[in-house]
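Chemist: have a look; sequence and predicted model below, questions after that.
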Amino acid sequence: MKRHPVGLVVLVCASMLYTGAVLAQVDLSGTWALASDTIDAGTGRVADDFAGIPLNAQGRAAGLAWTADEQQELHRQCEPWGPDYIITGLWGGRFTAVRDRFGTVHGWNVTISVYDRLPMVIWTDGREPPSPEALHTYSGFTSGKWQGDTLVTLTTHLKDDFLERNGTPSSNQETFEMFMSPHGDQMAITGVVRDPVYLASPWVIAGTLARRVDTGGAVNNSVLYCMPAELQAVSDGYHAGGELPNQIKTLEMYQTERYNIPLDAALGGPATQYPEFRQHMLQEGYKPPTTYCKIVCCDFTSRVCRNPQ
């Protein structure tokens, strides 16, 4: 009987596994820009608006204590956003394959040329994450695996940061799961944020990206840098931004004729994520205001609110 060398059998098996791994991956390469209208497009949420975010009591307190003055502190002026900003942010990202010398794809490098978000790598080669005590960064560590044509990712080892541009907090215990499903030049992304420190339940977000022609725009080649500078009193290194509970004025607009929104809705919580919460408000006697703002009613930075129109 003719015998085959063991090495040849191993090589053939490895070749079969490699072929299967390659066929399982979808080509994500290219520049992907925001194609869906999110609440963060433009100036983002107004201060202290946490509706639909499942904050717990600690997360709500941290969010209410935030003020836009914090953005003027020297160490925060160039602070980047976490990976979830690819869904809630404005820019999308540029995907390039991470290959070895044989051309095998081991992951996807996701970059952006503005300073809003740091580059991240989605490792699809099955490598283990670092130990829990390893360094936490703004981009974290992300692993991914293909389930059909959907790339399922999990990001850990994140620094404490913000989920929204109005100071909605996130801790260094946050994990972020993504489901990325490309369909031609469109990509549907669903994200699940879990944070045992600030969230009472998982927060689900979703968006759509579209593949764009590389024209050298903000998500392509032109690099936008951030340079800290002393702009206001809080950037002098001796002061810090923040609001004490008895100084928060923004909450008043939710219970006046300007919005007439119950604080139970404006301050978020797990129940505010679901349509049934509207029925709950109606049962409690809520009536929509007869006059309301038809433009952006509150300046994001100064919290100055306009009269109804």
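Modeler: Perfect, I can see it now. Residues are numbered from 1 along each chain as shown.
Chemist: how near is the residue nearest in space to the middle of the chain to Thr175?
Modeler: Taking C-alpha atoms, centre = their mean, the centroid of the chain lies closest to Asp84, which sits 2.0 Å from it. Computed as C-beta to C-beta, to the nearest Å, the Asp84 to Thr175 distance reads 10 Å. All C-beta spots, glycine's among them, are computed from the backbone N, C-alpha and C.
Chemist: list residues touching both of the two?
Modeler: Val193 (C-beta atoms under 8 Å, 6 or more residues apart in numbering).
Chemist: pLDDT below threshold where in the stretch 1-150 of the chain?
Modeler: Applying pLDDT under 70 to the stretch 1-150 of the chain flags residues 1-24, 37-43, 113-114.
Chemist: at 50 instead, please
Modeler: When residues are selected by pLDDT under 50, those of the stretch 1-150 of the chain lie in 1-2, 6-23.
Chemist: ranges for the helices of the stretch 1-150 of the chain?
Modeler: Counting by DSSP state H, counting those that start in this stretch, one finds helices in the stretch 1-150 of the chain at the ranges 6-24, 57-65, 85-88.
Chemist: for Asn246, give me the pLDDT.
Modeler: For Asn246, the pLDDT comes out at 68.
Chemist: report the buried residues of stretch 109-121.
Modeler: Neighbour counts using 16 or more other C-beta atoms under 10 Å place 110, 112-118, 120-121 of stretch 109-121 among the buried residues.
Chemist: and those as TSV, adding distance to Ala134?
Modeler: Shown next, in TSV, are the buried residues of stretch 109-121 (distance: C-beta to C-beta, whole Å):
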residue	distance to Ala134
Val110	20
Ile112	24
Ser113	27
Val114	27
Tyr115	24
Asp116	24
Arg117	21
Leu118	16
Met120	15
Val121	15
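Chemist: from those residues, which land in strands?
Modeler: Residues of the buried residues of stretch 109-121 located in strands (DSSP state E): 110, 120-121.
Chemist: can you lay out those residues as a markdown table showing distance to Gly103?
Modeler: Converted to a markdown table, those look like this (distance: C-beta to C-beta, whole Å):
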| residue | distance to Gly103 |
| --- | --- |
| Val110 | 20 |
| Met120 | 22 |
| Val121 | 17 |
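Chemist: of these, just say which sits nearest to Gly93.
Modeler: Checking those against Gly93 by C-beta to C-beta gives Val110 as the nearest, at 4.6 Å.
Chemist: and the closest one, what is it in contact with?
Modeler: Residues in contact with Val110 (C-beta under 8 Å, 6+ apart) are 86, 93-95, 119-122.
Chemist: closest to Gly148 out of the residues you listed?
Modeler: For those, the minimum distance to Gly148 (C-beta to C-beta) is 16.6 Å, reached by Ile122.
Chemist: what about the strands in the stretch 101-250 of the chain?
Modeler: Per DSSP state E, counting those that start in this stretch, the stretch 101-250 of the chain carries strands over the ranges 105-111, 120-123, 141-147, 150-156, 161-162, 169-170, 175-183, 186-194, 203-212.
Chemist: point out the most buried one among those strands.
Modeler: Between the strands of the stretch 101-250 of the chain, strand 169-170 has the highest mean count of neighbours, a mean of 24, where neighbours are mean count of other C-beta atoms under 10 Å.
Chemist: can you give me how far it is from the chain middle?
Modeler: Put simply, strand 169-170 sits 11 Å off its chain's centre (C-alpha atoms, centre = their mean, to the nearest Å).
Chemist: ok, and what's touching that strand?
Modeler: Applying C-beta under 8 Å, 6+ apart, the contact partners of strand 169-170 are 59, 62-63, 66, 82, 158, 160-163, 193, 195, 198.
Chemist: ok, and the closest non-adjacent residue to Thr111?
Modeler: Pro119 (4.4 Å; C-beta to C-beta, 6 or more residues apart in numbering).
Chemist: identify each buried residue in stretch 75-85, please.
Modeler: Neighbour counts over stretch 75-85 (16+ other C-beta under 10 Å) mark 76-77, 79-85 as buried.
Chemist: measure the residue nearest to the centre of the chain to Ser29 for me?
Modeler: In terms of C-beta to C-beta, Asp84 sits 22 Å off from Ser29.
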